[in-house]
Structure formats: structure tokens, C-alpha cells
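# Only the shape, not the letters, is given here:
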């Protein structure tokens with residue numbers, strides 16, 4: 001039998017929405033809203049049931065904490081996350097940027113788009129560092145400031 005390390009176990013999506021509700025203290029309706037706003041991307045079963053990983057559970061808790069701490073709404077958090085220059089983080093080419101709605105200034109997080117003819121087209125957004133590391137106000141702000149500082153050198 002193959003050993004599964006803790007990191008892999010955190011990433012496996014096996015928790016249905018009812019368990020996610022119990023583990024996060026967030027209602028199913030709110031979890032669905034987070035998904036609509038692009039704050040969380042649950043995996044889907046073959047029957048289209050939402051399945052959450054323990055990493056998703058941590059993400060949801062931090063989203064909730066960030067909303068309360070900074071007294072902002074979901075729309076404000078989504079707007080902040082949308083400003084993350086993913087093309088800079090991922091090192092996209094000029095051609096990739098030309099074919100990217102996010103680079104062109106759309107106002108949604110990069111992982112909410114179906115990418116065509118660019119660097120991200122064949123990648124899983126759930127596995128992308130831009131999605132995995134930037135989901136609360138503080139992390140998003142730090143990423144944006146770091147990328148702005150790097151661009152001004």
C-alpha cells in the first residue's frame with residue numbers, strides 16, 4: 001500500500017459540502033456564494049457534487065476570518081484578489097498576456113476564467129500558486145505590493 005504524506009492528504013478533495021459546513025462554521029449557502037464569487041474552487045464528483053479538501057477548509061476559514069477582521073464584503077475581497085498580477089507571478093510571455101482576459105483588465109480573479117491560447121490554458125487553477133496562496137485580504141495585499149515593488153526596480 002502506498003504511503004500518503006500529510007501534504008497530499010490535505011489536497012485530496014473528499015469532503016462533501018455538509019462536512020465542510022460543520023468544519024468551517026460557514027453555511028452551505030455561503031460556501032456556494034464563495035464559489036460564485038471565485039473565492040474557492042471545490043472539486044466536483046462524477047455526479048457534480050462539491051468536494052472539499054482539508055486545504056479548502058483552511059482556505060474557507062481564512063476567507064471568513066479576513067472578511068470579519070477587515071470588515072469587508074465578499075465583493076471587496078474579490079476585487080482585491082483580482083488585482084493580483086498573476087502574469088508577473090507566473091512569468092507569462094507577451095503573447096500569453098495578449099491572449100489573457102485578466103491581463104486586459106477584467107475584474108475577476110484569474111482562476112475564474114477559462115483560459116485559451118495562453119500559459120494557463122493547460123493548467124489546473126486549483127494547483128496554481130496564484131490561487132493557492134492569495135485568498136485573504138492580507139495575503140493579496142502583500143502579493144500586490146511585492147509585485148509592484150518588483151516592477152519599480
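Received it, and whenever you're ready, just let me know what you need. Because the structure is predicted, anything quoted here is derived from the model rather than measured.
# Quick check: closest non-adjacent residue to residue 60.
Excluding the flanking residues, the one nearest residue 60 by CB to CB, 6 or more residues apart in numbering is residue 24, at 4.7 Å. Every residue, glycine included, has its C-beta placed from N, CA and C.
# buried sites along the helix or strand hosting residue 67?
Assigned by DSSP states H and E, residue 67 belongs to helix 54-70. For helix 54-70, a neighbour-count test (16 or more other CB atoms under 10 Å) marks 54, 55, 56, 57, 59, 60, 62, 63, 64, 66, 67 as buried.
# Tell me which residues touch the fourth one, please.
In other words, residue 57. Counting by CB atoms under 8 Å, 6 or more residues apart in numbering, residue 57 touches 15, 20, 23, 24.
# Any chance of TSV for those residues, columns pLDDT?
Output for the contacts of residue 57, formatted as TSV (pLDDT from 0 to 100):
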residue	pLDDT
15	93
20	97
23	96
24	96
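# Can you select the buried ones among those residues for me in PyMOL?
Command for PyMOL that selects the buried part of those, burial taken from 16+ other CB under 10 Å:
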select buried, resi 15+20+23+24
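# Identify the farthest-apart pair in the contacts of residue 57.
With CB to CB as the measure, no two of the contacts of residue 57 lie farther apart than 15 and 24, at 10.1 Å.
# any chance you could map the strands in the chain?
15-16, 43-44, 50-52 (DSSP state E).
# Now distance to residue 36 too, for those strands, in CSV please.
Shown next, in CSV, are those (distance: least, CB to CB, whole Å):
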stretch, distance to residue 36
strand 15-16, 18
strand 43-44, 15
strand 50-52, 12
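# between those strands, which gets the lowest average pLDDT?
Confidence, taken as mean pLDDT, is least for strand 43-44 of the strands of the chain (a mean of 90).
# Let's test this: name the helix or strand in this structure with the lowest mean pLDDT.
Least confident helix or strand, the chain: helix 6-11 with a mean of 57, by mean pLDDT, DSSP states H and E.
# who touches the closest residue to residue 64 other than its chain neighbours in this structure?
Excluding the flanking residues, the one nearest residue 64 by CB to CB, 6+ apart is residue 26, at 5.9 Å. Listed by CB under 8 Å, 6+ apart, the contact set of residue 26 reads 20, 34, 60, 64.
# which residues sit in contact with the third one?
Read it as residue 60. Residues in contact with residue 60, defined by CB under 8 Å, 6+ apart, are 20, 24, 26, 31, 34, 40, 52.
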